[in-house]
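Engineer: With the sequence up front, the predicted model follows.
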Amino acid sequence: MKRVTLALSLALAAGLTAQAADAQTLKTVKDRGVLSCGVSQGLPGFSSPDDKGNWTGLDVDVCRAIAAAIFDDPTKVKYVPTSAKDRFTALQSGEIDVLSRNTTWTISRDTSLGANFTGVTYYDGQGFMVKKSLKVNSALELNSASVCVQTGTTTEQNLADYFKANNMKYEVIAFGTNDETVKAYEAGRCDVFTTDQSGLYANRLKLANPNEHMVLPEIISKEPLGPMVRHGDDQWFDIVKWTLFAMVTAEELGVTSKNVDEKAKLENPELKRVLGTDGNYGEQLGLTKDWVIRMVKAVGNYGEVFDRNVGAGSPLGINRGLNNLWNKGGLQFAPPIR
Amino acid sequence: MSTEARKPPVQIALKVRRVLGGKAGWNGVAVQFAFAAILGWIGYEIVSNARANLENQHIAAGFGFLRNNAGFDVNQTLISYTGSDTFLRVFVVGLLNTLVVSVVGIVFATVIGFIVALCRLSPNWLLSRVGEIYVEIIRNLPVLFQILFWYLAVLAALPNPRQSISLLGIVFISNRGLVIPRPIGESGFEPFLAALAVGIVGALALRIYARRALFQRGQMIRIWPYVLGLLFGLPLVTMLVFGLPFTFELPQLKGFNFAGGSRIIPEFVALTVALSTYTAAFIAEIVRAGILSVHKGQMEAGSSLGLSRGATLRLIVVPQAMRVIVPPLTNQYLNLTKNSSLAVAIGYPDLVSVFAGTSLSQTGQAIEIIAMTMGVYLLISLVTSAVMSVYGWRVSRSLGA
């Protein structure tokens, strides 16, 4: 990991970013014929490879949707697994075009890292997981506990804030990757494992006996997770941003991967605008008129993606909750396509 | 009448030509300057290009971030540290953690390495085979796996704190680490320290005196009863006069963990054990080569004088072998220090983990942080080699070589 960071920093220093500074990410991607997408090193439901090396998950579907909009082919993605601490360097150095890796949107990341968040794919919050045998029912009972955490995350700082605010002592053990952290928790090195709550549910599936562990009810932070792009290329920023908005809009309008062709034939003005039979919004983005049709056909609308990867249709079985549409009690809201 | 040798005229130009140009003369000097200029130009291009790119992407640059609050905690700190301290303090905390694991590792690696080397050279068949197997297994496995092995093996074997192994109710071993009573200074602490210092200085002076007597007058002086008296008697007397120097704070199980006492975390143990056993395998081979490089006539001469095998090794063979041993031994010390950066895999908070890892991703200032980290490793390595060079020079000098 150290070597990767080192290599990337050197690349950054030696000016391999010249192409990035030219603000032509779309052209670069088209010339290359494949989208380079930074994902996690394996977090079930968000981005994880199966036994054949095919990546699936919510974050992966964002990459596939972008590839579908550009190439009309969701498979034209090169997945680059990044650790929590290497991810920003990989984006800055131009190794990846977009970082879609359960990353929390914060002001310092938006400013000093030289990157922009394009939206929120998943509204999350940090939680704690403990062994049931400890008989702990609240995070406030965790005084003097040992906590395993992945290094280089907002989690690490929230943890320090929370224990300080509640006047509790703790011991932190920080690991480089998610898997190392989970392994140490399972080996009993620490009493508590902390990360975003979605990540707790996902990682619980990796444990030998998931039923012996429970997620505590407290949510101690706001963790809006979303994709990131580099500063300095507004066109690319717009493409990634509106890919997500289009997925949410498709769900709002009831357009799914199965009925998208029929919906395109209807004489509904809003549908015609979104699906490109009227207006040229896709072309203004630098894509084609039917960009939303391509995308929805390939990966589905936001609701389908959510259900398939983390929701009712997946082993994680997470409720829509905050991630429901705005008109169904959630926070997912897309600006109008017009 | 004394004739003073006439000094040759100072020929600066000639000297410059010879130093810089070598055999090629002035042409060589020109080539050297051209080469230096090209290097300088490449360096300038790299720096200015990086700066321009960072500015283009609005990435913050400079070392101002070192004064910002870090906002995260570290589980082994040799100096006081809380989440509200600065990144600069994180840097120092990480550096100290790296240094402590390196120094402890080097000491253990040297001791184990010498023992294994002597085993391999031993005429005892079993001992030499054991030494050989140790070297062949340990040095042929990647060190990262050995670190993970020790960490997971240590963790798996140990119980949780509530069922910890207790020695006499004062020392506890669990998967939270080794907890021992912590000494707390009392009124008699300062006189005790002073007495101890006087004892150590006195013992050293005695030893120097005894050696001089041995080498200059051939007189053997038995000093160990006085040394014992100085080292133990003196502090004991001050304890009787001034009272106990310190009391012990006993660790107690409170909630999830032990409160009070000092704790050695399992990450530190696993890393030290892995690094020192791994490096010891290489040191053993270096020491063996060094000892074999001493002519076997020396060994025979020693035994014909009636010295035991151990005394011959200690007094005659090893001092001569050191000349051969020291330079490659330095390399191994440097390797151990640099390998300590693998600590991040098991969550030991060394410099790479807390500074080049956590701090880097919190601030995003990759170039500054990586440059600082590389600079520190370079400095540690240079200081280590300097110390070892001085030692090697002294060894050579004392042998009159």
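Structural biologist: Happy to help now that I have it.

Engineer: only C-alpha atoms for contact and neighbour calcs from this point on.
Structural biologist: Fine.

Engineer: can you pull out the strands in chain A?
Structural biologist: A:35-39, A:48-49, A:55-56, A:77-81, A:98-99, A:115-117, A:122-124, A:126-131, A:145-150, A:170-175, A:192-196, A:213-215, A:223-225, A:228-230 (DSSP state E).

Engineer: Let me have those in TSV, extended by mean pLDDT, distance to chain B and mean neighbour count.
Structural biologist: Listed next are the strands of chain A as TSV, based on pLDDT from 0 to 100; distance: least, C-alpha to the nearest C-alpha, whole Å; neighbours: other C-alpha atoms under 10 Å in any protein chain shown:
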stretch	mean pLDDT	distance to chain B	mean neighbour count
strand A:35-39	95	15	27
strand A:48-49	92	21	20
strand A:55-56	94	25	20
strand A:77-81	95	16	18
strand A:98-99	96	14	28
strand A:115-117	93	8	23
strand A:122-124	94	19	22
strand A:126-131	93	12	22
strand A:145-150	90	5	25
strand A:170-175	89	5	24
strand A:192-196	93	10	24
strand A:213-215	91	16	18
strand A:223-225	93	15	21
strand A:228-230	94	7	28
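
Engineer: quick one: which of those strands is nearest B:G302?
Structural biologist: Between B:G302 and the strands of chain A, the shortest separation by C-alpha to C-alpha is 54.4 Å, and it involves strand A:170-175.

Engineer: show me the contacts for the residue nearest to B:T277 when sequence neighbours are not counted.
Structural biologist: Closest residue to B:T277 apart from its sequence neighbours, by C-alpha to C-alpha, 6 or more residues apart in numbering or on different chains: B:A109 at 6.1 Å. Taking C-alpha atoms under 8 Å, 6 or more residues apart in numbering or on different chains, we find B:A109 in contact with B:275-280, B:283.

Engineer: Please identify the buried residues of stretch A:42-57?
Structural biologist: For stretch A:42-57, a neighbour-count test (16 or more other C-alpha atoms under 10 Å in any protein chain shown) marks A:42-49, A:55-57 as buried.

Engineer: Ignore what I typed, I meant stretch A:204-217.
Structural biologist: Residues of stretch A:204-217 classed as buried: A:204, A:213-216 (neighbour count, 16+ other C-alpha under 10 Å).

Engineer: How far does it sit from its chain's centre?
Structural biologist: Put simply, stretch A:204-217 sits 22 Å off its chain's centre (C-alpha atoms, centre = their mean, to the nearest Å).

Engineer: Would you mind giving the domain segments of chain B?
Structural biologist: Using automatic domain parsing, the domains assigned to chain B come out as B:17-55, B:87-181+B:250-400.

Engineer: Comparing those domains, which stretch has the densest surroundings?
Structural biologist: domain B:87-181+B:250-400 (a mean of 19; mean count of other C-alpha atoms under 10 Å in any protein chain shown).

Engineer: Report the rounded mean pLDDT for it.
Structural biologist: Here domain B:87-181+B:250-400 scores 88 as its mean pLDDT.

Engineer: Next, the one residue in the stretch 201-338 of chain A that gets nearest to chain B: phi, psi?
Structural biologist: Residue nearest to chain B within the stretch 201-338 of chain A: A:H231 (5.2 Å; C-alpha to the nearest C-alpha). With angles defined as degrees, to the nearest 10, A:H231 sits at phi -60, psi 150.

Engineer: hmm, back to that, need the buried residues of stretch A:42-57 in CSV with distance to A:N259, can you?
Structural biologist: Listed next are these as CSV, based on distance: C-alpha to C-alpha, whole Å:
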residue, distance to A:N259
A:G42, 32
A:L43, 31
A:P44, 28
A:G45, 25
A:F46, 25
A:S47, 27
A:S48, 28
A:P49, 29
A:W55, 25
A:T56, 23
A:G57, 22
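
Engineer: Out of those residues, flag the one nearest to B:M374.
Structural biologist: When the buried residues of stretch A:42-57 are compared for distance to B:M374 (C-alpha to C-alpha), A:G42 wins out at 29.8 Å.

Engineer: Nearest the geometric middle of the chain, what residue?
Structural biologist: All of this refers to chain A. A:N102 (3.4 Å; C-alpha atoms, centre = their mean).

Engineer: I was after chain B.
Structural biologist: Taking C-alpha atoms, centre = their mean, the centroid of chain B lies closest to B:V103, which sits 2.8 Å from it.

Engineer: if I look at it, how far off is chain A?
Structural biologist: Relative to chain A, B:V103 is positioned 22 Å away (C-alpha to the nearest C-alpha, to the nearest Å).

Engineer: which SS state does that residue fall under?
Structural biologist: Under DSSP: H, G, I helix; E, B strand; the rest coil, the three-state class of B:V103 is helix.

Engineer: B:S262 versus the residue of the stretch 151-300 of chain B found nearest chain A, what's the distance?
Structural biologist: Closest contact between the stretch 151-300 of chain B and chain A, by C-alpha to the nearest C-alpha, is at B:F256 (5.3 Å). Going from B:F256 to B:S262 by C-alpha to C-alpha, to the nearest Å gives 16 Å.

Engineer: which parts of the stretch 51-200 of chain A sit against chain B?
Structural biologist: Within the stretch 51-200 of chain A, the positions near chain B by C-alpha under 8 Å from any C-alpha of the partner chain are A:84-86, A:88-89, A:108-109, A:111-115, A:142-146, A:151-154, A:156-157, A:159-161, A:171-176, A:180, A:187-191.

Engineer: Put the buried members of those residues into a ChimeraX selection.
Structural biologist: Buried residues among these (16+ other C-alpha under 10 Å), as a ChimeraX selection:
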select /A:84,85,86,88,89,109,112,113,114,115,142,143,144,145,146,151,152,153,154,156,157,159,160,161,171,172,173,174,175,176,180,187,188,189,190,191
